[in-house]
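[1] Test case, fold it:
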Amino acid sequence: MKKLVLLFAGMFMLGIVAVNAQQVDTTGVTPSAPSTQQQPSATQQPSDQYIQKDYETVKSADVPSSLRTTLKGSEYTGWESGSVYRNKTNNGYMVRIGSGDQTKNYYFDKGGKRIQDPGSSSRP
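    Numbers count the residues shown, from 1 in each chain. The predicted model follows:
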């Protein structure tokens, strides 16, 4: 009977050791999951998730005068019925004009000057 109790105790201890066993990484490099995000095509617009994360909605009445002056250009016709967003980190602006496949996004710095799309991979 004593041997049976020792056998079960030994198996119990072996089970605990097996459950708590960990693989130790000695390389010092943290493994990363492969990226499943697709690169946007030239015609694909940024997702609304990108907009919600970095931008907040601005009412057209609250658009600064410097940006309003820029938006008077013929290229931005209809911006009043579009959407205006303010970047939470750099106080820049994004104006989204149109709907569906005809949507265009324009980016501006905090002074109202047009800038390159901050999400694009090409640099000036």
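[2] And Glu75, how far from Arg114?
    9 Å (CB to CB, to the nearest Å). In this view, the C-beta of every residue, glycine as well, is placed from N, C-alpha and C.
[3] how near is the residue nearest to Tyr55 when sequence neighbours are not counted to Gly111?
    Distances taken as CB to CB, 6 or more residues apart in numbering place Tyr85 nearest to Tyr55, at 3.6 Å, with adjacent residues excluded. Per CB to CB, Tyr85 is found 17 Å from Gly111.
[4] So which residues of the protein form strands?
    55-58, 83-87, 93-97, 104-108, 114-115 (DSSP state E).
[5] Highest mean neighbour count out of these?
    Counting by mean count of other CB atoms under 10 Å, strand 93-97 has the highest mean neighbour count of the strands of the chain, with a mean of 22.
[6] what's that one in contact with?
    Residues outside strand 93-97 that contact it (CB atoms under 8 Å, 6 or more residues apart in numbering) are 51, 55, 58, 63, 67, 71, 76-79, 82-87, 103-110, 112.
[7] list the contacts for Gly92?
    Contacts of Gly92 (CB under 8 Å, 6+ apart): Arg86, Tyr107, Phe108, Asp109, Lys110, Ile115, Pro118.
[8] residues shared between the contacts of Glu75 and Arg114?
    Tyr106.
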